[in-house]
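Student: Below are the sequence and a predicted model for it; my questions follow.
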Amino acid sequence: MELSQACEAAGIGVVAVSEHTGPPRLHRALPVLSCRLVLSLGTPIDVCYGDQARRAQAVVTGLMRPGTGTPSLTLRPGQPTVYVELSPTATQRLTGVPLSELDAGGLDAIALLPWLGLLSEELAELPADQRVRLMRRRLLDHLVRARRPDVSPYAVQALGVIRVGHGRVPVEDVARQLHLSPRRLRQVLGSTVGITPKFASRVARLTATVRRAGNGADSWAEIAAECAYHDQSHLVRDFQDLMGTTPTAWLAEEGRNLQGGARGSSRPSNHDQ
């Protein structure tokens, strides 16, 4: 089995390496129904989530919780960073921390996984184009040796159905596909990952919305209609709740506009407030 296939089977998703240039700036993490491992190869990372603030060399994060917007990082120059997307099952298997106890604010990953300290040094010595492969190999090695966690397969399957459906599958239909009652589905997700099916659907829909915006559009109203929001105001409310900012403000933070150009190009025709 090829490395990429083995990683996918183990719950290791996207692995990316980036390095910010220019002055420090805020970056809001994309709301997703997966967990993350973020490892700095330079100065420590500053992460904010609600009223939590953390500075660490590496952070492992769980799923978002209602009432708190997505975590934000302060990107700094000279801070090469490795980002890893992990399935909830892989995260619990790797860290040993129950998913219900791990939110998007995260925990100090090196305190949980001391081997990351040495790995950080190894990665820093490699050319940028070789870092992703080494990160994948090390994570896969540790996951293979880790004890299998007691994670409800129903919770994992439910998150999968919601994610693939971009948050548009009604809760009753998700439950029906899993041969559960809606009440039992809510109990399973709540006890396993600490969120409800309805909240998971909101996250999945906003994930699809942000990715759709990344492809460019004429207006936020167009995106709202395509992503099954009632109207643009509904999209803006969800954006504010889950991202902690408005759509237009987020685009400005990222140095983009809705038509897909860099900052300084024409602005979107619709306002978000």
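Tutor: Received it, and whenever you're ready, just let me know what you need.
Student: Going by C-alpha atoms from here, please, whenever you check contacts or count neighbours.
Tutor: Fine.
Student: Checking my notes, L37 in a helix, right?
Tutor: No. Assigned with DSSP: H, G, I helix; E, B strand; the rest coil, L37 falls outside any helix and is strand.
Student: residue boundaries of the helices in the stretch 151-273 of the chain?
Tutor: 153-164, 171-177, 182-193, 197-214, 220-226, 232-243, 247-253 (DSSP state H, counting those that start in this stretch).
Student: could you dump these to CSV with mean pLDDT and mean neighbour count?
Tutor: Shown next, in CSV, are the helices of the stretch 151-273 of the chain (pLDDT from 0 to 100; neighbours: other C-alpha atoms under 10 Å):
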stretch, mean pLDDT, mean neighbour count
helix 153-164, 96, 19
helix 171-177, 97, 17
helix 182-193, 96, 18
helix 197-214, 94, 20
helix 220-226, 94, 18
helix 232-243, 95, 20
helix 247-253, 90, 18
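Student: mind putting the ones you listed in JSON lines, distance to L134 included?
Tutor: Shown next, in JSON lines, are those (distance: least, C-alpha to C-alpha, whole Å):
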{"stretch": "helix 153-164", "distance to L134": "27"}
{"stretch": "helix 171-177", "distance to L134": "37"}
{"stretch": "helix 182-193", "distance to L134": "29"}
{"stretch": "helix 197-214", "distance to L134": "28"}
{"stretch": "helix 220-226", "distance to L134": "38"}
{"stretch": "helix 232-243", "distance to L134": "32"}
{"stretch": "helix 247-253", "distance to L134": "31"}
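Student: Minimum distance to S40: which of those helices has it?
Tutor: Ranking those by proximity to S40 (C-alpha to C-alpha) places helix 247-253 first, at 21.2 Å.
Student: Using CSV, write out every CA atom in the closest one.
Tutor: Backbone C-alpha positions of helix 247-253 (Å, rounded to 0.1, in the frame of the first residue of the first chain) are rendered in CSV as follows:
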residue,chain,number,x,y,z
PRO,A,247,-17.6,37.3,5.4
THR,A,248,-16.2,40.5,4.0
ALA,A,249,-13.9,41.1,7.0
TRP,A,250,-12.6,37.5,6.7
LEU,A,251,-11.8,38.1,3.0
ALA,A,252,-9.9,41.2,4.0
GLU,A,253,-7.9,39.4,6.7
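Student: Check which helices and strands it is in contact with.
Tutor: With contacts taken as 3 or more C-alpha pairs under 8 Å, 6 or more residues apart in numbering; DSSP states H and E, helix 247-253 sits against strand 25-28, helix 232-243.
Student: Quick one: closest of the ones you listed to P80.
Tutor: That would be strand 25-28 among those, by C-alpha to C-alpha, at 14.6 Å.
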